[in-house]
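Peer 1: Next come a sequence and a model predicted from it.
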Amino acid sequence: LVCARESVMRSIFEVKTVERTYPILCGEDVLETLQKLWLPRWQQAVVIGDSNTARLFGTAITQALNGVAKKVIMLSFPAGEEHKTRATKELLENSMIEHGVDRFAVVVAVGGGIALDVAGYVAATYMRGIDSVYIATTLLAQVDAAIGGKTGVNTQHGKNLIGAFYQPHFVLIDIPALASLPEDEMRNGYAEAIKHAVIADAELFSGMEAFAKNKEKILPEPLLARCVQIKAEVVSQDERERGYRQVLNFGHTIGHALEKASDFSLAHGSAVAMGMLVEAKIAGKLCGFPGADRKRLTALLADLHLPVQPQYGFSQIKDYLKVDKKTRGGDVYCSLPTKIGQMNEAGGTWAMPVPISVIKDAFEKPE
Ligand SMILES: NC(=O)c1ccc[n+]([C@@H]2O[C@H](COP(=O)([O-])OP(=O)(O)OC[C@H]3O[C@@H](n4cnc5c(N)ncnc54)[C@H](O)[C@@H]3O)[C@@H](O)[C@H]2O)c1
Ligand SMILES: [Zn+2]
């Protein structure tokens, strides 16, 4: 960590986990920082990206690593959620075995949430676990997926059903990488950044409003860094999602149901945007979320070209809600804000039971 402080990257945050505390660094000089933070025991490096990130960043990274590791190999798999599978993991593992990768190797995961989740999971189980480091290249990965140690793959029965909590040794937030990121992908990151603001920081919310009005192309670093810090702090308090980490689910209870109703044709950011607005309405009813705050949330999402009207009705999503059958009529657990910057807590739990009828009203009753 002394090393991390001397790094050329500007903002540094810590994630505290049961295993160890490690840094997240945001800035521009990813390759230099990667070399500086390299551990002598990492004699072999396995760079893993999806087809896009391997093409965009693979050569520069492998070249930078040739100076610090004895052996560097680059592996990739086709981009897209449909390739975030056990089959892909197996192909990667087979290549690693064939290349003679041993248990002192490190996986250098490069990309968005998919590449990091898959490569992180490969590291978690290869020879019972080898070290990993992350280079996050999508805004969504930078503010969300790269932080917190959740790794895994999808199955035909659902997303992220197989995986492990496995923390990397450090995370690099590659800001210049965003220059090539398509606008649609950027929006997925905006939705999560706005979520972070609602759950923890009214000032960040105002910053996001200013950003949305200024029409800058890339989220200014102080805002991005604050998002990183919020996620790092939440995870540090509750690594395994026993309680507080549930706040990160704001917008996601309804958002996931919308995604499933669309058979995943809906972008995650769009689903979360609509999910946050429906849940904000529910929060207005159950825990005092002010109407004025919901108006600001609607305006901010619209300014960033995220959808503000649910594209599916209650009848289309209701079968996709996780209903707790223990209560009469059935409840659905939601993490709800009391105002912009603060989440509702009741007796050490941050997810409250919401009667199905209240969800139905939030979809169907105008006001
Ligand atoms: N582990 C977690 O805590 C966590 C949290 C949130 C989401 N996720 C997972 O993250 C995944 C979504 O991540 P995502 O939105 O980053 O998607 P993604 O990884 O598919 O990246 C989006 C697209 O952008 C491309 N890309 C990546 N970086 C680029 C760059 N700099 N320039 C141009 N193109 C680039 C990718 O190849 C891909 O085609 C989901 O599978 C989700 O389950 C995980
Ligand atoms: Zn999300």
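Peer 2: All right, it came through fine. Ligands and ions are numbered 1, 2, ... in the order given.

Peer 1: State the number of residues packed around residue 182.
Peer 2: Using other Cβ atoms under 10 Å, residue 182 has 8 neighbouring residues. Just so you know, the C-beta spots here come from the backbone N, C-alpha and C atoms, and that holds for glycine as well.

Peer 1: likewise residue 54?
Peer 2: 22.

Peer 1: would it count as being in a strand?
Peer 2: No: according to DSSP: H, G, I helix; E, B strand; the rest coil, the state of residue 54 is helix, so it is not within a strand.

Peer 1: Leaving out chain neighbours, which residue sits closest to it?
Peer 2: residue 76 (3.6 Å; Cβ to Cβ, 6 or more residues apart in numbering).

Peer 1: Walk me through which strands the helix or strand hosting the one you found pairs with, and which way each runs.
Peer 2: Using DSSP states H and E, residue 76 sits within strand 71-77. According to DSSP bridges, strand 71-77 has the following sheet partners: strand 44-50 (parallel).

Peer 1: Hmm, the residue nearest to residue 54 is touching residue 46, no?
Peer 2: No: under the contact definition of Cβ atoms under 8 Å, residue 76 does not touch residue 46, with a separation of 11.1 Å.

Peer 1: can you confirm residue 317 is in a strand?
Peer 2: No: using three-state DSSP, the assignment for residue 317 is helix, not a strand.

Peer 1: Contacts only, for it.
Peer 2: 254, 257, 258, 260, 261, 310, 363 (Cβ atoms under 8 Å, 6 or more residues apart in numbering).

Peer 1: and it, how far is that from ligand 1?
Peer 2: 19 Å (Cβ to the nearest ligand atom, to the nearest Å).

Peer 1: just residue 318 next, same as before
Peer 2: 23 Å.

Peer 1: What count of nearby residues applies to that residue?
Peer 2: Quick note: residue 318 (other Cβ under 10 Å) scores 18 neighbours.

Peer 1: and it, what is it in contact with?
Peer 2: Per Cβ under 8 Å, 6+ apart, neighbours of residue 318: 257, 356, 359, 360.

Peer 1: in this structure, what residue sits furthest out from the centroid?
Peer 2: Relative to the centre of the chain, the most outlying C-alpha is that of residue 328, 34.2 Å out, by Cα atoms, centre = their mean.

Peer 1: interface residues of this structure facing ligand 1?
Peer 2: Of all the residues in the chain, those in contact range of ligand 1 (Cβ under 6 Å from any ligand atom) are 50, 52-53, 56, 79, 81, 84, 111-115, 117, 137-138, 140-141, 144-145, 148, 150, 159-160, 177, 180-181, 185, 188.

Peer 1: Much appreciated, bye for now.
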